[in-house]
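Novice: 3D, please:
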Amino acid sequence: MSRPRKPTAVLELTGAFKKDPQRKRPNEPKPNGPLGEPPVDFDEYLKALWRDLVRMVPAGVLTISDRWLVELACRTMRDVKKGQALASEKNLLLACLSRMGLTPADRSKIAVPPQKEELDELAQLARECQTLKPN
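Specialist: Sure, this is the predicted structure:
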């Protein structure tokens, strides 16, 4: 089996496009929103699994495009925890978790863009005053 393609964001962060600009993928789809809340048909136990899983995944990794993957992982985890999962379902869970970077080996493969520092209103106002001060 061949190695999966590196995401464009990872190539961008590593500077691959500076060296080889022809490698850019201009038509790659981009996720269009956050992951959101658990599905409405989840019971309380599945909702708790959803929240736990989302807390474990590094910030900025999961988006709305990953909802089905997270749902599949939660339902499979429920079966594993209840002792009702077959070996193939355990392998499926491991595959889901690794795709989200939740195994030690896969965590090292994830490159998340740095989060912009969010300032509270007072700090924002102080910064604006600094820029408006006459010399």
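Novice: rest of the way, CA atoms for contacts and neighbours
Specialist: Fine.
Novice: what's stretch 63-83 in contact with?
Specialist: Stretch 63-83 has contacts (CA atoms under 8 Å, 6 or more residues apart in numbering) with 31-36, 39, 46, 49-50, 53, 85, 89-90, 92-93, 96-97.
Novice: and stretch 81-101, what's buried?
Specialist: Going by neighbour count (16 or more other CA atoms under 10 Å), the buried part of stretch 81-101 is 85, 89-90, 92-94, 96-97, 100-101.
Novice: possible to save those as CSV with secondary structure?
Specialist: Shown next, in CSV, are these (DSSP: H, G, I helix; E, B strand; the rest coil):
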residue, secondary structure
85, coil
89, helix
90, helix
92, helix
93, helix
94, helix
96, helix
97, helix
100, coil
101, coil
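Novice: CSV for the residues you listed, including distance to residue 10 and pLDDT?
Specialist: Formatted as CSV, the buried residues of stretch 81-101 follow (distance: CA to CA, whole Å; pLDDT from 0 to 100):
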residue, distance to residue 10, pLDDT
85, 35, 94
89, 30, 96
90, 29, 96
92, 25, 96
93, 25, 96
94, 23, 95
96, 20, 94
97, 19, 94
100, 15, 89
101, 14, 87
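Novice: and of the residues you listed, the nearest to residue 107?
Specialist: residue 101 (4.4 Å; CA to CA).
Novice: which one is the closest one nearest to, not counting chain neighbours?
Specialist: Nearest-residue entry for residue 101: residue 107, 4.4 Å, with adjacent residues in sequence omitted and distances by CA to CA, 6 or more residues apart in numbering.
Novice: what about residue 91, distance to residue 65?
Specialist: Taking CA to CA, to the nearest Å as the measure, residue 91 falls 22 Å from residue 65.
Novice: worst-scoring helix or strand of the chain, pLDDT-wise?
Specialist: Every helix and strand of the chain was ranked by mean pLDDT, DSSP states H and E. The lowest is helix 121-132, at a mean of 69.
Novice: so where's this protein uncertain?
Specialist: Scanning the chain for pLDDT under 70 picks out 1, 111-120, 127-135.
Novice: any idea which helix is longest in it?
Specialist: helix 67-81 (DSSP state H).
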